[in-house]
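[1] Sharing a model that was predicted from the sequence below.
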Amino acid sequence: MEIVVDKNADGPPSGKPVNLEVRGENIDSLIVLSETIRSYIKNLDIAGIEELKADIQLGKPELLIHIDREAARRYELSTYSIASALRTSVFGKEISKFKDGEDEYPIVVKLDDKYRNNVEGLLNQKITFRNPANGQLVQVPVSAVADIEYSSTYSSIKRKDKNRVLTIYSNVLDGYNANEIVAQLKEKCWIFLCRMGLPMPLQDNRNSRLKIWDF
């Protein structure tokens, strides 16, 4: 795992003036550590930091659909057919193209919004397929072969150099110098590591970053 404290490079603005990156593979550890660091720095009350935020959203609503494989086998319905029907209903599926002169427009089929945004409507839709045993067309409602679970997750995780990355960032208030704030953050991160009993970082003066490895 690695922590990088840095300010944005000189040139056109591409993000927040202050960035602190926590890198590693274990997402649960990254979330816990990033929140611990954010709380630690917030309590330091360093002048000039507007507000520290993390680029990950926790508690994001999620709807899990569990396929009953036994029921699907009884209906001779594949899990791919079930997943494909749900994906088409929600996200749509391109079935053809309409050409107008030199322009082409995709023709996409999907459920109307009043059904697409309705869980009951999604579960009540019928999957139409040809029974391989007798060749007849069969319709099976999704609810007969699947059930749902309401859950929560986190937003998408960025990657950098093949590692997962969580970023803690902030604007700098008027009248304060971002370089000076970054320097203070580096010093405080050293203290944080000592208190946590974590391996000491390496100072890379070439790119002005503080790196903490292998913890």
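    It's in. Numbering: from 1, shown residues only.

[2] in this protein, which spans are strands?
    In the chain, the strands defined using DSSP state E lie at 2-7, 18-24, 53-54, 60-67, 93-100, 103-109, 126-130, 137-141, 146-153, 158-160, 163-170, 202-204, 209-211.

[3] Need those strands in JSON lines (columns: mean pLDDT and mean neighbour count).
    Quick note: C-beta positions are derived from backbone N, CA and C, even for glycine. Shown next, in JSON lines, are the strands of the chain (pLDDT from 0 to 100; neighbours: other Cβ atoms under 10 Å):
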{"stretch": "strand 2-7", "mean pLDDT": "48", "mean neighbour count": "20"}
{"stretch": "strand 18-24", "mean pLDDT": "77", "mean neighbour count": "22"}
{"stretch": "strand 53-54", "mean pLDDT": "82", "mean neighbour count": "15"}
{"stretch": "strand 60-67", "mean pLDDT": "85", "mean neighbour count": "12"}
{"stretch": "strand 93-100", "mean pLDDT": "91", "mean neighbour count": "10"}
{"stretch": "strand 103-109", "mean pLDDT": "91", "mean neighbour count": "10"}
{"stretch": "strand 126-130", "mean pLDDT": "88", "mean neighbour count": "14"}
{"stretch": "strand 137-141", "mean pLDDT": "91", "mean neighbour count": "13"}
{"stretch": "strand 146-153", "mean pLDDT": "83", "mean neighbour count": "12"}
{"stretch": "strand 158-160", "mean pLDDT": "77", "mean neighbour count": "12"}
{"stretch": "strand 163-170", "mean pLDDT": "81", "mean neighbour count": "20"}
{"stretch": "strand 202-204", "mean pLDDT": "41", "mean neighbour count": "11"}
{"stretch": "strand 209-211", "mean pLDDT": "45", "mean neighbour count": "18"}
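
[4] Which one of these lies nearest to residue 78?
    strand 126-130 (8.5 Å; Cβ to Cβ).

[5] Outside of that closest one itself, which residues are in contact with it?
    Residues outside strand 126-130 that contact it (Cβ atoms under 8 Å, 6 or more residues apart in numbering): 77, 81, 82, 85, 136, 137, 138, 139, 140, 141, 142.

[6] give me that answer again for 10 Å
    With contacts defined as Cβ atoms under 10 Å, 6 or more residues apart in numbering, strand 126-130 is touched by 72, 75-78, 81-82, 84-86, 136-145.

[7] Can you select the buried ones from the residues you listed in ChimeraX?
    ChimeraX command restricting the contacts of strand 126-130 to the buried ones, with burial defined by 16 or more other Cβ atoms under 10 Å:
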select :72,75,77,81,82,85,86,140,142,145
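
[8] Can you pull the phi/psi pair for the residue lying farthest from the centre of the chain?
    Farthest-out residue of the chain from its mean C-alpha position, per Cα atoms, centre = their mean: residue 134, at 44.5 Å. Taking degrees, to the nearest 10, you get phi -130, psi 0 for the backbone angles of residue 134.
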